[in-house]
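*Asks:* output the structure for:
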Amino acid sequence: MISFIDSDSVLVQNEVNILLAKVAIEHLDSPSDEFISNISLVPKKDGTQRPIINLKRLNEFIENQHFNRICILLRH
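*Replies:* Numbers count the residues shown, from 1 in each chain. Coordinates of the predicted model:
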């Protein structure tokens, strides 16, 4: 578990509650074969903090699908 200073801990918990309410994340009682990622705070230009969820390791479990980009040129 990552430790935060008290003020950051409150910010992180608030953001986690927002994500839980949106059903973007869910609470796990005992992780087994699920993916777990770290969360950190990054300062925004306005002085507030933005929570960042590190999903880098998630890429190991996702199949990379390549696709061709089609460019359409329209003439008037």
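*Asks:* which stretches of the protein have low pLDDT?
*Replies:* Residue ranges of the chain with pLDDT under 70: 1-7, 30-32, 34-35, 76.
*Asks:* show me where the chain has its strands.
*Replies:* Using DSSP state E, the strands of the chain run over 39-43, 49-53.
*Asks:* okay, now the residue lying closest to Glu26 once chain neighbours are set aside: neighbour count?
*Replies:* Take Glu26 and drop its neighbours on the chain: the residue closest to it by CB to CB, 6 or more residues apart in numbering is Leu20, 7.1 Å away. (C-beta placed from N, C-alpha, C; glycine too.) Neighbourhood size, Leu20 [other CB atoms under 10 Å]: 12.
*Asks:* tell me how far Leu20 lies from Asn59.
*Replies:* Distance check for Leu20 against Asn59: by CB to CB, to the nearest Å, it reads 24 Å.
*Asks:* quick check, the residue nearest to Glu26 in contact with His27.
*Replies:* Yes: proximity of Leu20 to His27 meets the contact threshold set by CB atoms under 8 Å, at 6.8 Å.
*Asks:* what pairs with the most centrally placed residue in the chain across the strands?
*Replies:* Note on the chain: the residue nearest the mean C-alpha position is Ile53, at 3.3 Å, using CA atoms, centre = their mean. Taking DSSP bridges, one finds Ile39 as the beta-bridge partners of Ile53.
*Asks:* what residues does it make contact with?
*Replies:* By CB atoms under 8 Å, 6 or more residues apart in numbering, Ile53 lies in contact with Ser37, Asn38, Ile39.
*Asks:* how near is it to His66?
*Replies:* With CB to CB as the criterion, Ile53 and His66 are 26 Å apart.
*Asks:* likewise Pro51?
*Replies:* For Pro51, the distance to His66 equals 31 Å [CB to CB].
*Asks:* between those two, who's got more neighbours?
*Replies:* Shown here are Pro51 and His66; by other CB under 10 Å, Pro51 has more neighbours (16 against 4).
*Asks:* quick check: the more buried one touching Val12?
*Replies:* Yes: taking contacts as CB under 8 Å, Pro51 lies within contact range of Val12: 6.2 Å.
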